[in-house]
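Engineer: Sequence first, predicted coordinates after that:
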Amino acid sequence: MLARAARPAGTRSLATEKRFSMQQLTFVGKGALEWRDAREPALQSAREAIVRPFVAARCDGDHLPLFNSVTTPINLGLALHYLDPIVRDLFGEQPFRGPYAFGHECVAEVVACGSDVRNVKRGDTVIVPWSISCGHCVSCGHGLTSKCSNSGDTLIAAYGFGGAMGDWGGAVSDSLRVPYADAMLVPVPAGVDPVALASASDNIPDGWRTVAPHLQRYPGAHVLIVGGAARSIGLYAAGIAVALGAARVDYLDRSRARLEIARSLGANPVQVPATGSWYRKNAPRRGGDYLISVDASASVAGLNFALRSLAPGGICTGVGYYFAPKAALSLMQMYANCSTLHVGISHPRADLPPLLELMQSGRFRPEKVTTLVADWDDAPRAFLERTTKVVVRRAPLDGAAAGAA
Ligand SMILES: [Zn+2]
Ligand SMILES: [Zn+2]
């Protein structure tokens, strides 16, 4: 077992540890995560904060580099035009090549604030969204906080993706710099366990945006979730749809374990043999009765199935990576059915306030999706478990202020 170099519990790094004073979980390559020493970030402006993560989760998207050698195949696919060239803009010249600070989902304790920070203070427990956002540009004003225009030169600025997304550090670190503390950080509400919010930085709001706004438009709608590659996002979407009053939520997957979780969330689990051919063969020709559908299979076949299953006027959201430069979609059927398709990244900062209200009500329990809670020090091993949702935790420095369970 890989172990993290010990530091006495509850101590802060000393000023004498100048150059390398913290540890960060570092992605080295397929199947390889390590604790490595890194320079501790410092405040660079009065509006910034430094936070210490104490709960962190693995994002569904992390499966790709953790369990596959992807850098060379992606580069080859780009050279042969099998992949969309935007992939290079998103993930850089050497996509997912380690080493880089890993992770972009965490709950943290505020340890230092610049003098202009008003909304959070030292000791607060906060959700740190995966992407950098200023809170006042046009994109942020439109709720597209992951497309903030004041977040640097990268296409997306985020934690946990190395230089391709701005070298902001990783969420499984002793210390993280937050450039727009007031705009980005979201305090954990009273009575909500930070461990349950481990994926509130990304995957839980990613599920939320696929169903919540559409259930406002179509209260009590039938919802279809095609589960799979985006393992937890599909389940979060199912649980949120149930909690928000969907009359029926059908959750399709081939994983028995995930189907059981879907059942525990109040959805109707439907076992399918496999993604791909089954979806192609069984896609309804004239539409179904779902006003809302979600493709979490990250496959074009799954996406088409979700699209073709829509009732007239229905809305489908695809949450996966669709790497190909083109995809054969059922545009004529969409035309005949008046369907809407939305694909895109999540914007947690915009969606967290109503999502946290729902969580406070107790009607949606994201912790049911978590399949492994491990000790923080065991993160290099735990994040390589082939399971739906991995969370690591340690004690906050100030337990009382942080409200940790
Ligand atoms: Zn993510
Ligand atoms: Zn902005």
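Structural biologist: That came in fine, so what should we check first? Ligands and ions are numbered 1, 2, ... in the order given.

Engineer: what's the helix or strand for the closest residue to ligand 2 within the stretch 201-350 of the chain?
Structural biologist: With CB to the ion, the shortest gap between the stretch 201-350 of the chain and ligand 2 falls at residue 349, namely 9.4 Å. In this view, the C-beta of every residue, glycine as well, is placed from N, C-alpha and C. Element membership of residue 349 [criterion: DSSP states H and E] is helix 348-361.

Engineer: Enumerate every residue touching the nearest residue to the residue of the stretch 201-350 of the chain closest to ligand 2 once chain neighbours are set aside.
Structural biologist: Spatial nearest neighbour of residue 349, chain neighbours left out: residue 145 (4.0 Å); criterion: CB to CB, 6 or more residues apart in numbering. When contacts are counted by CB atoms under 8 Å, 6 or more residues apart in numbering, residue 145 touches 129, 131, 133, 135, 139, 347, 348, 349, 350.

Engineer: returning to that earlier point: so who does the residue of the stretch 201-350 of the chain closest to ligand 2 touch?
Structural biologist: 129, 131, 133, 135, 140, 145, 146, 183, 184, 186.

Engineer: Correct me if wrong: the fifth one contacts residue 132.
Structural biologist: No: counting by CB atoms under 8 Å, no contact exists between residue 140 and residue 132, whose distance comes to 10.4 Å.

Engineer: what sits in contact with each of the two?
Structural biologist: Shared contacts of residue 140 and residue 132, defined by CB under 8 Å, 6+ apart, comprise residue 148.

Engineer: Buried subset of the contacts of residue 349 as a PyMOL selection?
Structural biologist: Per 16 or more other CB atoms under 10 Å, the buried members of those correspond to this PyMOL selection:
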select buried, resi 129+131+133+135+140+145+146+183+184+186
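
Engineer: From the contacts of residue 349, which land in strands?
Structural biologist: Judged by DSSP state E, the contacts of residue 349 include residue 186 as members of strands.

Engineer: So which of the contacts of residue 349 is the closest to residue 160?
Structural biologist: Checking the contacts of residue 349 against residue 160 by CB to CB gives residue 131 as the nearest, at 10.2 Å.

Engineer: What separation is there between the closest residue to that closest one other than its chain neighbours and ligand 1?
Structural biologist: Excluding the flanking residues, the one nearest residue 131 by CB to CB, 6+ apart is residue 146, at 3.8 Å. Using CB to the ion, to the nearest Å, residue 146 is found at 10 Å from ligand 1.

Engineer: Ok, residue 387 next?
Structural biologist: Using CB to the ion, we find residue 387 at a distance of 17 Å from ligand 1.

Engineer: What's the per-residue pLDDT of that residue here?
Structural biologist: Per-residue pLDDT puts residue 387 at 97.

Engineer: Checking it next. Helix, strand or coil?
Structural biologist: Three-state call for residue 387 (DSSP: H, G, I helix; E, B strand; the rest coil): coil.

Engineer: tell me the contacts of the closest residue to it other than its chain neighbours?
Structural biologist: Setting aside the residues directly before and after it, residue 387 is nearest to residue 371 in space (CB to CB, 6+ apart), at 4.3 Å. By CB under 8 Å, 6+ apart, the contact list for residue 371 reads 257, 261, 387, 388, 389, 390.

Engineer: show me what contacts the fourth one?
Structural biologist: For residue 388, the contact set (CB under 8 Å, 6+ apart) comprises 231, 232, 235, 255, 257, 258, 261, 369, 370, 371.

Engineer: Need the residues you listed in a markdown table (columns: pLDDT, secondary structure and distance to ligand 2).
Structural biologist: Output for those, formatted as a markdown table (pLDDT from 0 to 100; DSSP: H, G, I helix; E, B strand; the rest coil; distance: CB to the ion, whole Å):
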| residue | pLDDT | secondary structure | distance to ligand 2 |
| --- | --- | --- | --- |
| 231 | 97 | helix | 30 |
| 232 | 98 | helix | 27 |
| 235 | 98 | helix | 30 |
| 255 | 96 | coil | 37 |
| 257 | 97 | helix | 39 |
| 258 | 98 | helix | 35 |
| 261 | 98 | helix | 35 |
| 369 | 98 | helix | 30 |
| 370 | 98 | coil | 31 |
| 371 | 98 | coil | 35 |
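
Engineer: Against ligand 2, how distant is residue 378?
Structural biologist: Residue 378 is 36 Å from ligand 2, by CB to the ion.

Engineer: Assign that residue to helix, strand or coil.
Structural biologist: Classification of residue 378 by three-state DSSP places it in helix.

Engineer: pLDDT wise, what is it at?
Structural biologist: Residue 378 is given a pLDDT of 98.

Engineer: wait, which of the contacts of residue 371 is closest to residue 190?
Structural biologist: Looking across the contacts of residue 371 and measuring by CB to CB, the closest to residue 190 is residue 389, at 24.2 Å.

Engineer: quick one: low-confidence ranges for the protein?
Structural biologist: 1-20, 399-405 (pLDDT under 70).

Engineer: In it, which residue sits nearest ligand 1?
Structural biologist: Proximity of the chain to ligand 1 (CB to the ion) peaks at residue 59, 3.1 Å away.

Engineer: wait, what's in contact with residue 356?
Structural biologist: By CB under 8 Å, 6+ apart, residue 356 lies in contact with 186, 188, 189, 192, 200.

Engineer: Recalculate using a threshold of 7 Å.
Structural biologist: By CB atoms under 7 Å, 6 or more residues apart in numbering, residue 356 lies in contact with residue 189.

Engineer: Equivalent analysis for the one 3 residues further on, please.
Structural biologist: With contact set as CB under 7 Å, 6+ apart, residue 359 has these partners: residue 192.

Engineer: ok, now residue 53?
Structural biologist: When contacts are counted by CB under 7 Å, 6+ apart, residue 53 is found next to 106, 108, 171, 172, 173, 176.

Engineer: Which one (most neighbours) among these?
Structural biologist: Within those, most neighbours by other CB atoms under 10 Å means residue 106, with 33 neighbours.
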